[in-house]
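Chemist: pasting a predicted model and its sequence here:
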Amino acid sequence: MKKIKIFEKTKNIITLIFRLKIHALYHNFFNPKIERCEKSWLIPFNRICLIIKKTGKIKINGRLVFDKSRKEFPRTLTKIYIENGGRMEVNGHFSFLGNNTVVVHENANLSFGNGYMNVESTIICKKEISIGNGTIIARYVSIRDWDSHTLIDENGEMSQPLPIKIGNNVWIGERAMILKGVNIGTGAIIAAGAVVTKDIPQNCLAAGIPAKVIKENMSWKP
């Protein structure tokens with residue numbers, strides 16, 4: 001019985017490795033919707049579901065890595081969906097650590113520098129979201145540049161998507177939410193559970209709902 005279990009486990013590991021290699025070969029060399037600059041690669045250490053509509057595009061200038069799962073999140077699946085005219089661009093080495101969801105809507109633009117996105121975090125891009133170099137996104141974070149449904153105020157005006165800009169070396173804490181129309185300055189720290197609805201200056205610590213600056217002249221180390 002023990003030998004059968006070991007055999008099944010080994011078989012599953014070999015099957016997974018084979019599938020990941022097939023993914024790597026296809027997306028790096030045969031997928032016309034992925035554009036790679038010289039010495040740039042998509043590296044699937046983990047499982048991915050990558051859906052790119054006819055005129056959608058991913059451009060990689062560096063490394064786009066779907067990283068190995070940690071033990072507590074075995075074989076976690078990252079899902080990336082890009083609609084027609086949508087574009088996702090990676091300028092540096094960016095990693096998804098597992099079970100992430102990324103949606104780039106029609107004619108929207110999403111860009112990353114160096115950094116990583118921890119497990120169970122989500123990005124929904126309706127217009128434009130840019131994330132700078134050295135920025136890390138913790139677990140269960142939500143970043144979205146629109147309300148997902150149309151909101152209408154007393155004057156009959158409807159809500160619109162607004163771009164999000166996240167600077168270099170920003171740390172976004174666990175379960176934080178970054179909402180539309182927000183600029184987060186270089187070196188800023190967004191505390192766990194914060195809901196960011198307004199701009200956060202550089203090198204500040206912001207916390208609360210809605211998030212407010214609680215300390216200035218801050219810095220952090222990864």
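Modeler: Everything's here; your move.

Chemist: any idea of the pLDDT on Arg75?
Modeler: The per-residue pLDDT reported for Arg75 equals 60.

Chemist: likewise Lys3?
Modeler: Reported pLDDT for Lys3: 52.

Chemist: low pLDDT regions in the chain?
Modeler: For the chain, residues meeting the criterion pLDDT under 70 lie at 1-23, 69-75.

Chemist: how does it look with 90?
Modeler: 1-32, 36, 38-39, 41-49, 66-77, 98, 148-159, 221-222 (pLDDT under 90).

Chemist: tell me where it has helices.
Modeler: Listed in chain order, the helices of the chain (DSSP state H) span 2-25.

Chemist: ok, the nearest residue to Gln160 once chain neighbours are set aside - contacts?
Modeler: Leaving aside its sequence neighbours, Gln160 sits nearest to Trp146 (CB to CB, 6 or more residues apart in numbering; 7.6 Å). Quick note: C-beta positions are derived from backbone N, CA and C, even for glycine. Taking CB atoms under 8 Å, 6 or more residues apart in numbering as the criterion, Trp146 is in contact with Ile124, Lys126, Lys127, Ser159, Gln160, Pro161, Leu162, Lys180.

Chemist: how far away is Trp146 from Gly208?
Modeler: To Gly208, Trp146 is 23 Å away according to CB to CB, to the nearest Å.

Chemist: and if you look at Val103?
Modeler: Taking CB to CB, one finds Val103 at 27 Å from Gly208.

Chemist: these two - which one has more neighbours?
Modeler: Here Val103 and Gly208 are compared on neighbour count by other CB atoms under 10 Å; more neighbours surround Val103, at 19 against 13.

Chemist: so the more buried one sits against Gly56, correct?
Modeler: No. Applying CB atoms under 8 Å, one finds Val103 not in contact with Gly56, separated by 11.1 Å.

Chemist: tell me the bridge partners for Tyr81.
Modeler: Ile51, Val103 (DSSP bridges).

Chemist: for it, give its distance to Cys49.
Modeler: Relative to Cys49, and taking CB to CB, Tyr81 is found at 8 Å.

Chemist: which of the two has more residues huddled nearby?
Modeler: Legend: neighbour count by other CB under 10 Å for Tyr81 and Cys49, higher for Tyr81 (17 against 10).

Chemist: for that one, give its distance to Phe30.
Modeler: From Tyr81 to Phe30 the distance is 20 Å (CB to CB).

Chemist: ok, Ile51 next?
Modeler: In terms of CB to CB, Ile51 sits 16 Å off from Phe30.

Chemist: neighbour-wise, which of these two wins?
Modeler: Ile51 (12 against 8).

Chemist: let me see the contact set for the more buried one.
Modeler: Lys79, Ile80, Tyr81, Ile82.

Chemist: what of Asn84?
Modeler: Lys53, Lys54, Thr55, Gly56, Glu106, Asn107.

Chemist: what residues are shared contacts of Val103 and Gly56?
Modeler: Going by CB under 8 Å, 6+ apart, residues that sit against Val103 and also against Gly56 are Ile82, Glu83.

Chemist: run a quick neighbour tally on the residue nearest to Val119 when sequence neighbours are not counted.
Modeler: Of all residues beyond its chain neighbours, the one nearest Val119 is Gly98 (4.6 Å), with distances taken as CB to CB, 6+ apart. Close neighbours of Gly98, defined as other CB under 10 Å, add up to 26.
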